[in-house]
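Q: Take this sequence and fold it.
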Amino acid sequence: MTRLDLDFVRAQFPAFAEPSLARFSHFENAGGSFVCRPVIDALDGFYRRSKVQPYYPYEPSHAAGMQMDRARQRLAAWLNVDVDELHLGPSTSQNTYVLANAFRRYLQPGDEIVVTSQDHEANIGAWVRLRDEGIIVRTWEVDAQGALRPEALTALLGPRTRLVAFTHCSNVIGSVHPVREWCEIVHRAGAIAVVDGVSYAPHGLPDVAALGADVYLFSLYKVYGPHLGAMVVRRELAAALPSQAHFFKSDAIPGRFTPAGPDHAQVAAVNGVVDYFESVAAHHARNDDMSVAAQAQLVRTLFQRAESALLAPLLDFLSAHPRVRLIGSAQAIDRAPTVAFTVEGVSSVEVAQALARVDIGVGHGNFYAYRLMQPLGIDPAEGVVRASFVHYTSGADVDRLIAGLESTLGS
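A: Sure thing, here's the model as predicted:
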């Protein structure tokens with residue numbers, strides 16, 4: 001396995017050639033990544049040549065529809081799902097909300113749903129609202145370290161459990177969960193597994209079929225692309241759920257969970273995300289005839305190895321600092337480079353402001369993991385500092401972050 005060619009990668013992102021960003025180090029990637037050039041080119045081309053209502057026979061319209069169809073087909077292939085199982089909506093929060101509304105008429109009073117106290121609110125609140133319909137909602141609580149334990153899930157499952165919603169990777173704790181194992185636990189209980197993959201997908205698109213999730217969601221604007229949410233719904237489940245589309249479109253599975261029309265240009269621009277991943281695979285592969293699955297595995301491995309190498313020194317620094325409370329594991333293994341922490345005697349916003357003054361961008365707050373703050377003993381209004389990066393981050397950037405933290409925090 002070759003190492004990730006960082007020069008090649010960064011050359012695919014116009015932000016790294018932008019003069020106004022020359023001194024800036026981006027460490028809030030978990031909130032939104034830089035956009036790769038193929039996506040920008042795809043948007044520009046669509047708006048210039050195909051910005052008409054798609055799917056009519058005249059040429060610009062036909063071309064627009066073809067670009068949109070091709071984007072869905074290619075992204076589905078990289079996720080290892082059938083194209084009619086992939087739904088593209090405005091955001092993951094919106095997709096989850098629409099999905100939960102479909103379950104509102106699918107479930108019966110007395111049925112049970114399990115949510116976690118670790119997830120982003122998008123994968124909690126929409127399900128909690130079903131209490132209004134007589135659905136019982138149980139919470140899979142985190143332990144004292146903020147981690148989810150499978151034995152705690154097992155204790156909540158019963159004969160009326162119909163759905164379990166959990167995250168592939170916490171956007172605060174940073175832990176990457178064994179999704180396949182947990183989905184098997186859920187399925188043995190006869191329930192549906194809904195997995196929020198927003199914080200995992202930027203580190204390599206997953207093989208959704210291999211994970212075993214019934215529903216898998218993530219945000220493309222955190223995966224170097226346009227502001228869309230991608231949602232995979234297993235075909236049999238999608239067909240069983242009530243359609244959320246116009247009544248005359250209810251039989252068309254790809255549109256069942258997108259009540260409004262899609263943003264045509266952004267759907268077409270998903271081609272740029274796949275173009276980027278394919279270019280990374282082609283640049284690093286020794287085999288010119290790789291399957292999509294092999295390309296996806298190569299890209300995942302390249303990204304995660306590069307990220308892990310940079311994550312270790314940051315975790316070492318934070319875990320050793322006497323005034324820092326690191327949230328989550330201090331080990332890079334089974335962890336995304338999404339690193340949250342608090343500082344004794346200094347508010348999270350003050351840390352973020354100090355780093356911003358030296359052109360280092362980090363996030364602060366609860367990051368919509370509002371319900372996680374209480375078991376961690378953190379005021380949700382105060383929240384944590386979050387430094388998050390991805391494969392295009394350089395070692396020099398991480399060194400700058402550590403130096404900035406040393407200057408800000410002292411000894």
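Q: I'd like the next helix or strand past the longest helix seen in the chain.
A: Counting by DSSP state H, the longest helix found in the chain is helix 292-320. With elements assigned by DSSP states H and E, the helix or strand that comes after helix 292-320 is strand 324-326.
Q: Parallel or antiparallel, list what pairs with that following strand.
A: strand 338-343 (antiparallel) (DSSP bridges).
Q: who does the longest helix of the chain touch, helix- and strand-wise?
A: helix 59-79, helix 264-284, strand 324-326, strand 338-343, helix 395-409 (3 or more Cβ pairs under 8 Å, 6 or more residues apart in numbering; DSSP states H and E). (C-beta placed from N, C-alpha, C; glycine too.)
Q: Please identify which of these is closest to residue 310.
A: Of all the helices and strands packed on helix 292-320, the one in closest proximity to residue 310, counting by Cβ to Cβ, is helix 395-409 (4.9 Å).
Q: Just the buried positions in that closest one, please.
A: Across helix 395-409, burial judged by 16 or more other Cβ atoms under 10 Å covers 397, 398, 400, 401, 402, 404, 405, 408, 409.
Q: All the strands of the stretch 1-150 of the chain, residue numbers only.
A: For the stretch 1-150 of the chain, the strands defined by DSSP state E, counting those that start in this stretch occupy 25-27, 86-89, 112-116, 136-140.
Q: could you say what helices and strands the third one packs with?
A: For strand 112-116, the helices and strands in contact under the criterion 3+ Cβ pairs under 8 Å, 6+ apart are helix 125-128, strand 136-140, strand 161-167.
Q: returning to that earlier point: now render the buried residues of helix 395-409 as TSV, adding pLDDT and distance to residue 106.
A: Shown next, in TSV, are those (pLDDT from 0 to 100; distance: Cβ to Cβ, whole Å):
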residue	pLDDT	distance to residue 106
397	98	46
398	98	46
400	98	50
401	98	46
402	98	50
404	97	50
405	97	48
408	93	50
409	90	50
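Q: Out of the residues you listed, name the two that are farthest from one another.
A: 397 and 409 (18.3 Å).
Q: Pass me the low-pLDDT residue ranges in the stretch 301-411 of the chain, would you?
A: Applying pLDDT under 70 to the stretch 301-411 of the chain picks out residues 411.
Q: if you set the cut-off to 90 instead, what comes out?
A: Within the stretch 301-411 of the chain, the stretches with pLDDT under 90 are 334, 410-411.
Q: Kindly report the same for the chain.
A: For the chain (pLDDT under 90), the answer is 1-2, 245-256, 258-262, 286-289, 334, 410-411.
Q: okay, now the domains of it?
A: 6-35+293-409, 42-273 (automatic domain parsing).
Q: So which of these is nearest residue 282?
A: So among these, domain 6-35+293-409 is nearest, using Cβ to Cβ, at 8.1 Å.
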